[in-house]
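Asker: no sequence for this one, just the structure:
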């Protein structure tokens, strides 16, 4: 059974569950993966903790992870980039494996034959906490937007999508991605849950990786269901909803 | 904490969770309702059990409900019409309340000032198991499609939506609803998870009630969050996604 540390935010968890269910090669409800999900509003604000000295989410995350373990989860996943700032503490507090969203995204990059220089589109908070930059083997070189690019394209692009102006957001983010590709990125990771809403499915000439979808697929594979039935490399970008 | 008996089917559960999250009047993740969800692929096929003498879902449903109770759920909800055929056995096996999807739909009908004759659009299986027909006070009179209407409009309408021909499905189901309204229905309940995908938001002159949404709203109200902030009566049909 997959244990999901969710609710950060709740719609990102719903999006993850949708991707998990639709990534499972099942002809009937009985072939689906068993899942135990906790939506945890008791976890303090992650951004406030990272940037403004707010209360630490760690105790609540650890308690929820242990409850999922007691409830029968065989491994854990957490569909929230920012909360991975506390990944090590949570992983140390349970005796079951805990999939890291960035590692699953990097696995997807490698599976697509694009390992090496990897572009990252993300919020300033995610970049500052180095959740992405601290992961990956020696072959991985993260390419991030400059501060100027971040404030001109990435931040306004994410903001536009939050405000339901998806086409505007997609145009801004596409521009930011193209600059990273021109600088050598062989894949671009959409490291913020809003970004795929505007950008997924666009043809940029390199793979666009959605970490939420990568985590969902890793859960399906780990649950022993459909590990060999993933789509071929070229089909991945097109398969993004 | 809301306990959700889910996975029947898994996409209907994802739809329910989406409605639960978006029905919660929350300005931050911390104001959301705590939820514990089990996606239970171990529950045998409900339709096969009802129509073809397949294995009973009851033991698996009871075990999952008890696990949710042990996990800290304060009450239960099950976003699947058909599985409510085993509602009584599950409710008897736990000591926490278990919201009935049909009762929450009828509460919504009453709240909309449309109590009395209520039209029902549903699969033949749901109708045969009397999940709807057996609920409601003395004032409730269920109006169902005739066998001829069921085979000409309702069943093909649901089938069309399952096959992603939403406009075709909506036209067929609208016709079936209009016939029930002409026969006196003051509201129409969309008693199958596919139906709102095509029909929700249409103006039929009477309220169209989505039991999944009604159950989600009842969970939010019961969790003590936003019970007084439901939209006004006229806003409900328009609020369907």
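Answerer: All right, it came through fine. Computed from a prediction, not measured in an experiment: that's the story for all the values here.

Asker: what helices or strands is the helix or strand in which residue A:169 is found leaning on?
Answerer: In this structure, residue A:169 is located in helix A:166-182 according to DSSP states H and E. Under the contact definition 3 or more C-beta pairs under 8 Å, 6 or more residues apart in numbering or on different chains; DSSP states H and E, helix A:166-182 sits against strand A:117-121, helix A:155-162, strand A:187-190, helix A:195-199. All C-beta atoms are positioned from the backbone trio N, CA, C, and that covers glycine.

Asker: which other residues reach the shortest one?
Answerer: This means strand A:187-190. A:105, A:109, A:112, A:114, A:118-122, A:132, A:177, A:180-181, A:196, A:199-200, A:204, A:206-211 (C-beta atoms under 8 Å, 6 or more residues apart in numbering or on different chains).

Asker: repeat for stretch A:208-218
Answerer: A:12, A:15-16, A:19-20, A:23, A:77, A:79, A:81, A:99, A:101-102, A:104-105, A:107-109, A:112, A:177, A:187-191, A:193, A:196, A:199-200, A:202, A:230, A:236-237, A:240.

Asker: now with 6 Å, please.
Answerer: Stretch A:208-218 is contacted by residues A:16, A:19-20, A:23, A:77, A:79, A:99, A:101, A:104-105, A:108-109, A:187-190, A:196, A:200, A:237, A:240 when judged by C-beta atoms under 6 Å, 6 or more residues apart in numbering or on different chains.

Asker: for it, give the mean pLDDT please.
Answerer: Averaged over stretch A:208-218, pLDDT sits at 96.

Asker: repeat for stretch A:18-27
Answerer: Computed over stretch A:18-27, the mean pLDDT rounds to 91.

Asker: for stretch A:179-192, same thing?
Answerer: 96.

Asker: just the endpoints, please. Distance across it?
Answerer: 18 Å (C-alpha to C-alpha, to the nearest Å).

Asker: same question for stretch A:142-151.
Answerer: End-to-end for stretch A:142-151, by C-alpha to C-alpha: 19 Å.

Asker: mind listing what's buried in that stretch?
Answerer: Applying a neighbour-count criterion of 16 or more other C-beta atoms under 10 Å in any protein chain shown, one finds A:142, A:143, A:144, A:145, A:149, A:150 buried in stretch A:142-151.

Asker: bridge partners for the closest residue to the third one other than its chain neighbours, pull those for me.
Answerer: Spatial nearest neighbour of residue A:144, excluding adjacent residues (C-beta to C-beta, 6 or more residues apart in numbering or on different chains): residue A:120 at 5.2 Å. Listed beta-bridge partners, residue A:120: residue A:144, residue A:189 (assigned using DSSP bridges).

Asker: what does stretch A:149-164 contact?
Answerer: Stretch A:149-164 has contacts (C-beta under 6 Å, 6+ apart) with A:121, A:145, A:168, A:169, A:172, A:173, A:175, A:176, A:192, A:194, A:197, A:198.

Asker: and that stretch, what's buried?
Answerer: Across stretch A:149-164, burial judged by 16+ other C-beta under 10 Å covers A:149, A:150, A:153, A:154, A:155, A:156, A:157, A:158, A:160, A:161.

Asker: which residues of chain A score low on pLDDT?
Answerer: Applying pLDDT under 70 to chain A flags the ranges A:225-241.

Asker: can you tell me the centre-most residue of it?
Answerer: Residue closest to the average C-alpha location in chain A (C-alpha atoms, centre = their mean): residue A:211, at 3.0 Å.

Asker: backbone dihedrals for that residue, please?
Answerer: Torsion angles at residue A:211 (phi, psi; degrees, to the nearest 10) stand at phi -60, psi -30.

Asker: how near is it to chain B?
Answerer: For residue A:211, the distance to chain B equals 19 Å [C-beta to the nearest C-beta, to the nearest Å].

Asker: how far away is that residue from residue B:116?
Answerer: 51 Å (C-beta to C-beta, to the nearest Å).

Asker: from residue B:6, how far out is the closest residue to residue A:8 other than its chain neighbours?
Answerer: The shortest distance from residue A:8 to any non-neighbouring residue, by C-beta to C-beta, 6+ apart, is to residue A:80 (3.9 Å). Residue A:80 sits 20 Å away from residue B:6, going by C-beta to C-beta.

Asker: give me every residue in chain A lying close to chain B.
Answerer: A:8-11, A:14, A:17-18, A:21, A:29-30, A:32, A:34-39, A:41, A:71 (C-beta under 6 Å from any C-beta of the partner chain).

Asker: now intersect the residues you listed with the helices, please.
Answerer: A:10, A:11, A:14, A:17, A:18, A:21 (DSSP state H).

Asker: ChimeraX command for the buried members of those residues?
Answerer: Applying 16+ other C-beta under 10 Å to those leaves a buried subset, and the ChimeraX line that selects it is:
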select /A:10,14,17,18,21
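
Asker: tell me the two of the ones in helices among the residues of chain A next to chain B that are most distant?
Answerer: A:10 and A:21 (16.5 Å; C-beta to C-beta).

Asker: residue A:198 and residue A:218: what is the separation?
Answerer: Counting by C-beta to C-beta, the separation of residue A:198 from residue A:218 is 24 Å.

Asker: ok, now residue A:29?
Answerer: 22 Å.

Asker: excluding chain neighbours, what is closest to residue A:106?
Answerer: Using C-beta to C-beta, 6+ apart, the closest residue to residue A:106 is residue A:136 (5.3 Å).

Asker: do the same with residue A:178
Answerer: That would be residue A:204: by C-beta to C-beta, 6+ apart, it lies 6.7 Å from residue A:178.

Asker: one more: residue A:60?
Answerer: The shortest distance from residue A:60 to any non-neighbouring residue, by C-beta to C-beta, 6+ apart, is to residue A:43 (4.4 Å).

Asker: mind listing what that neighbour touches?
Answerer: A:57, A:60, A:61.

Asker: for the helix or strand where residue A:48 lies, give me every contacting residue.
Answerer: Per DSSP H and E, residue A:48 falls inside helix A:46-52. Here helix A:46-52 makes contact (C-beta under 6 Å, 6+ apart) with A:54, A:56, A:57, A:82, A:83, A:125, A:129.

Asker: give me the number of residues near the closest residue to the fourth one other than its chain neighbours?
Answerer: Computed as C-beta to C-beta, 6+ apart, the closest residue to residue A:82 that is not its neighbour in sequence is residue A:46, at 4.3 Å. With neighbours defined by other C-beta atoms under 10 Å in any protein chain shown, the count for residue A:46 comes to 25.

Asker: what's the answer for residue A:93, then?
Answerer: 16.

Asker: go on, residue A:7?
Answerer: Neighbours of residue A:7 (other C-beta under 10 Å): 28.

Asker: in the sheet, who's paired with the residue nearest to it when sequence neighbours are not counted?
Answerer: Nearest non-adjacent residue to residue A:7, counting by C-beta to C-beta, 6+ apart: residue A:39, 3.5 Å away. For residue A:39, the beta-bridge partners are residue A:6, residue B:35 (DSSP bridges).

Asker: I'd like the distance between residue A:39 and residue A:155.
Answerer: Residue A:39 is 28 Å from residue A:155, by C-beta to C-beta.

Asker: now do the same contact list for residue A:119.
Answerer: Neighbours of residue A:119 in contact, by C-beta under 6 Å, 6+ apart: A:143, A:180, A:185, A:188.

Asker: tell me how far the last one lies from residue A:182.
Answerer: It stands for residue A:188. In terms of C-beta to C-beta, residue A:188 sits 12 Å off from residue A:182.

Asker: comparing these two, which residue is more hemmed in?
Answerer: A direct count of neighbours by other C-beta under 10 Å for residue A:188 and residue A:182 places residue A:188 higher, at 27 against 9.
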